[in-house]
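In: Kindly generate the corresponding structure for this input.
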Amino acid sequence: MIRYIALLTATLLLTFSCLNDSDKATPPEPTDLSIDQGDPSTSMPEPTEVSISVTDIETSSLPDPNVDGWFPGVYLRRHCENYISDSEFISTAEADRCEADLMMELGMHAEVVRLPESSEDLYGVSQYLRVFRLLDRNPTTGQFGLWGQWIGDDRALPDGPFNSIEGGLFIHDKMGRSKFPKYMASAATHLYSAQSDTGGGWGFYEKCIDCSMLGRVTLSNRVIVPPNLISFDEDQDTHDEEGGVFVGTSWVALPIFGGLPRVDEQDWGTDGGKLTWTFMMEAANFSGPLIAYVPEHWSRRLDRWNSIHILESVYDNDATDPVANTLLDFIQGNISAATLHEVIASEPWYIETHDFDSWSDERREEGPNDYWVRSDHTLGHSAARPYLPIGNETPGIPVFSETDSDGRTFIKIFPPLIPKASDREPFVLNVQTFDVDIYNHFVDVFAEPSSMGSAATSFSGFGIPMQVERWGEELSQDLIYLPHNDEGPVIVMNVPMITEQLNEETDVFFVWDEADPEKRGWGNYYEIVDNRVVSVTSEEVPSSLVQLEYDSLRRTTSLLPHDLTEVDLPDDIRDFTLDYSCWVCDDPSKCDNTIYETVTDDGSRIFYQWFRFRDQPLFTDLAIEYPDTYTEDYLNQLQTMIETMHREWGDSQQFLERPSNVDTLHLVEIDHGLLVDPPVGKEYGWVPVVTQVEQPDGDWQSDLAFYTLPNGQVVSR
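Out: I've put the predicted structure just below:
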């Protein structure tokens with residue numbers, strides 16, 4: 001019987017999206033079935049909803065929604081559907097749905113890209129991001145990508161990015177009701193497959209994924225990277241009067257797995273040095289590599305995916321064509337990969353070469369987009385595409401509107417908490433990219449682990465400052481009313497930002513033109529006068545408008561362990577079973593049979609298990625799928641390397657090049673609940689692997705993602 005030991009049981013004082021995501025391009029919801037996987041093996045009490053009755057609200061004295069959990073909002077009857085109340089004010093506790101009158105868009109106009117004069121081959125990006133609370137309450141309108149990056153493959157498929165590394169500072173209550181943004185470090189593959197390993201065993205929509213879909217490897221033995229993202233300590237000093245607190249982040253292609261020297265603009269092929277895309281972080285209480293994606297991640301099950309893609313896009317899932325039937329036979333496991341490739345060898349979508357000229361924007365829009373993706377064009381073997389945008393993506397923020405008896409129209413907005421202690425506030429610092437030189441610098445480091453202790457690991461001197469692509473040319477904090485927007489009236493809030501290039505560094509600042517801090521930023525109440533937005537006081541607006549508040553997310557999301565023992569499948573798909581066997585470990589030389597628990601500041605209960613590095617679930621399945629690569633000898637070499645890394649680098653090895661254009665750089669503290677100490681005897685070469693996450697008011701995500709073939713058979717894609 002597995003024991004559950006709470007290592008950290010006291011929640012600290014509660015005082016924040018990509019790919020994925022930020023989730024830059026969320027894929028369409030796949031055909032799926034809500035399959036109840038059963039509660040996890042622990043016996044958890046039903047989460048308790050904390051809500052505020054509308055009848056108890058007086059004026060606008062509302063408690064902090066981030067402390068008290070779900071806030072159902074305060075709406076007028078006209079805002080809601082199917083409500084069951086006769087009162088003037090309605091909440092989402094009493095109605096099926098409530099919506100505010102219009103939305104406010106944040107105009108954070110700044111984006112930087114790779115310096116055109118630098119190499120066309122891109123091996124990574126690094127930047128320091130300010131961590132601050134963006135909103136008093138997070139709306140349900142979507143996920144906020146406060147700032148992040150988008151690393152894509154070098155056009156492995158005309159349709160769009162077959163591989164993509166996205167994320168950044170992410171805000172959405174489904175990942176936990178945290179005070180600050182969380183950091184999302186994740187990747188999507190196979191054209192944004194919902195079964196991408198975005199969370200170390202979980203994919204899009206927080207669904208468990210099959211062992212054959214895994215690709216993320218845990219490197220650190222000091223920090224947990226849970227599927228509900230990296231959170232930051234909520235009780236720390238944020239140094240608002242000294243420029244705030246920053247987290248250093250970097251995605252960089254390193255020669256950890258299968259590394260060999262490479263050349264700039266290297267030819268396509270799988271024989272050269274492989275790329276291990278690695279996530280680095282520098283914080284006040286940790287510095288070093290956290291996770292990585294093995295090279296095979298980007299092209300696992302590629303023949304299977306290609307077959308499904310071509311069967312659908314070329315043959316419209318009509319298997320009566322002989323070639324289409326061959327594709328279906330392969331998907332069903334009736335023929336070998338060798339037979340498949342022999343049959344399709346002369347098809348135009350198979351023999352077409354990688355041609356940038358034909359893969360123009362026009363082709364992407366008009367087609368044809370049928371192409372058999374090759375593994376050597378994926379991020380495991382090829383540098384990223386030269387276009388690498390860095391910036392933000394935010395959804396709308398609800399706005400309420402009321403017209404008084406004199407015909408005057410007023411609005412209530414909920415402004416973001418943009419730093420404003422100084423007239424010049426740093427936001428993003430030292431944004432830079434890397435070329436093949438940084439990869440080659442580390443080849444010997446990982447090839448000869450014995451030299452790790454004396455290796456020069458700093459990225460200083462390898463970074464290439466990024467170039468400003470767009471920005472808000474007029475610095476203002478104006479509100480603009482657009483009455484004839486395509487989706488209805490909208491308010492646009494200009495956030496005053498500038499990008500600067502100084503001392504060979506690229507930075508982004510918030511810049512205020514008001515000397516008085518009290519005049520910086522925005523109020524809550526405005527009047528629409530001849531399509532202009534004019535500031536007013538709360539005393540001037542209708543009393544009902546003062547009370548209106550938008551709601552927060554009703555339930556967060558809890559992530560189930562990988563266990564299908566209690567699944568009751570419908571009769572028509574009883575043959576569909578996800579493979580979770582790689583998570584089973586009974587050998588104490590490979591794993592600790594104790595399941596540990598830690599609690600983060602937002603109340604998330606994170607359960608994890610210690611595995612010997614070479615025996616974590618990912619490698620168990622890779623050794624089966626790639627037996628010629630992940631041999632016993634190679635896995636032992638990897639184990640030796642990671643033991644040396646843990647021993648020599650610890651939790652404070654310097655990698656990222658710190659910014660120099662600020663007087664003082666305060667680093668943020670990672671949530672103390674994510675910091676761990678290895679058990680006695682497992683100090684080096686063992687890593688913590690998350691097994692499940694329970695949110696304090698979360699619904700267990702029990703849906704599974706699958707694909708239905710033309711004959712009705714259900715498979716993983």
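In: Please count neighbours and contacts with C-alpha atoms only from this point.
Out: OK.
In: so Tyr481 touches Ile491, yeah?
Out: Yes: the pair Tyr481 / Ile491 is scored as a contact, 4.7 Å apart, by CA atoms under 8 Å.
In: If you count surrounding residues, which of these two has more?
Out: Taking other CA atoms under 10 Å, Tyr481 and Ile491 do not tie; Ile491 has more neighbours (23 against 19).
In: so who does the nearest residue to Phe509 once chain neighbours are set aside touch?
Out: Closest residue in space to Phe509, ignoring its immediate chain neighbours: Pro426 at 4.5 Å, by CA to CA, 6 or more residues apart in numbering. Shown in contact with Pro426 (CA atoms under 8 Å, 6 or more residues apart in numbering): Arg130, Gly243, Gly244, Asp507, Val508, Phe509, Phe510, Val662.
In: Next, format these as JSON lines and append secondary structure and pLDDT.
Out: Listed next are these as JSON lines, based on DSSP: H, G, I helix; E, B strand; the rest coil; pLDDT from 0 to 100:
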{"residue": "Arg130", "secondary structure": "strand", "pLDDT": "98"}
{"residue": "Gly243", "secondary structure": "coil", "pLDDT": "97"}
{"residue": "Gly244", "secondary structure": "coil", "pLDDT": "98"}
{"residue": "Asp507", "secondary structure": "strand", "pLDDT": "94"}
{"residue": "Val508", "secondary structure": "strand", "pLDDT": "93"}
{"residue": "Phe509", "secondary structure": "strand", "pLDDT": "93"}
{"residue": "Phe510", "secondary structure": "strand", "pLDDT": "94"}
{"residue": "Val662", "secondary structure": "coil", "pLDDT": "95"}
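In: what's the closest of the residues you listed to Pro517?
Out: Phe510 (13.1 Å; CA to CA).
In: Please look at the closest one and Glu425 and confirm they touch.
Out: Yes: when contacts are counted by CA under 8 Å, Phe510 is listed as touching Glu425 (5.0 Å).
In: what do those two both touch?
Out: Taking CA under 8 Å, 6+ apart as the contact rule, Phe510 and Glu425 both touch Pro419.
In: Considering the contacts of Pro426, which possesses the most neighbours?
Out: Tallying neighbours with other CA under 10 Å puts Asp507 at the head of the contacts of Pro426, with 27 neighbours.
In: do you know how far that one is from Gly391?
Out: Per CA to CA, to the nearest Å, Asp507 is found 12 Å from Gly391.
In: Then Gly463?
Out: For Gly463 relative to Gly391 (CA to CA), the value is 18 Å.
In: Please enumerate residues in contact with stretch 218-230?
Out: If you take CA under 8 Å, 6+ apart as the criterion, stretch 218-230 is touched by 175-176, 182-185, 198-200, 202, 206, 286, 289-292, 606, 613, 642, 646, 651, 670-671, 674-678, 683-690, 693.
In: First-to-last residue distance for that stretch?
Out: One end of stretch 218-230 to the other measures 14 Å (CA to CA).
In: same deal with stretch 333-349?
Out: Stretch 333-349 has an end-to-end distance of 22 Å (CA to CA).
In: Just checking the distance from it to the centre of its chain.
Out: Chain-centre distance of stretch 333-349: 36 Å, with CA atoms, centre = their mean, to the nearest Å.
In: do stretch 392-403 as well
Out: From the chain centre to the centre of stretch 392-403 is a distance of 23 Å (CA atoms, centre = their mean).
In: May I see the buried residues of the longest helix anywhere in the chain?
Out: Assignment by DSSP state H gives helix 632-649 as the longest helix of the chain. For helix 632-649, burial by neighbour count (16 or more other CA atoms under 10 Å) applies to Leu635, Leu638, Gln639, Thr640, Met641, Ile642, Glu643, Thr644, Met645, His646, Glu648, Trp649.
In: Kindly indicate which of those lies nearest Cys591.
Out: Out of those, the member with the shortest distance to Cys591 (by CA to CA) is Gln639, at 13.7 Å.
In: Tell me the spatial nearest neighbour of the closest one, not counting adjacent residues.
Out: Distance criterion CA to CA, 6+ apart; nearest residue to Gln639, sequence neighbours excluded, is Arg614 at 5.7 Å.
In: Name the SS class of that neighbour, please.
Out: Using DSSP: H, G, I helix; E, B strand; the rest coil, the structure places Arg614 in helix.
In: residues touching it, list them.
Out: With CA under 8 Å, 6+ apart, Arg614 has these contacts: Leu635, Asn636, Leu638, Gln639.
In: How confident was the prediction at the last one?
Out: Reported pLDDT at Gln639 in the predicted model: 97.
In: distance of it from Val223?
Out: Gln639 sits 18 Å away from Val223, going by CA to CA.
In: With Arg177 instead?
Out: For Arg177 relative to Val223 (CA to CA), the value is 21 Å.
In: Among those two, which residue is more densely surrounded?
Out: More crowded of Arg177 and Val223, by other CA under 10 Å: Arg177, with 30 against 26.
In: I figured the more buried one was touching Asp602, is that so?
Out: Yes: if you go by CA under 8 Å, Arg177 and Asp602 touch, sitting 5.7 Å apart.
In: Which residue comes closest to Leu169 once chain neighbours are left out?
Out: Leaving aside its chain neighbours, Leu169 sits nearest to Tyr183 (4.7 Å; criterion: CA to CA, 6+ apart).
In: what bridges to the one you found?
Out: Applying DSSP bridges to Tyr183 yields these beta-bridge partners: Leu169, Ile230.
In: what's the answer for Val245, then?
Out: On the basis of DSSP bridges, Val245 is bridged to Val131, His666.
In: what's the closest non-adjacent residue to His562?
Out: Counting by CA to CA, 6+ apart, the nearest residue to His562 once its immediate chain neighbours are dropped is Tyr580, at 5.9 Å.
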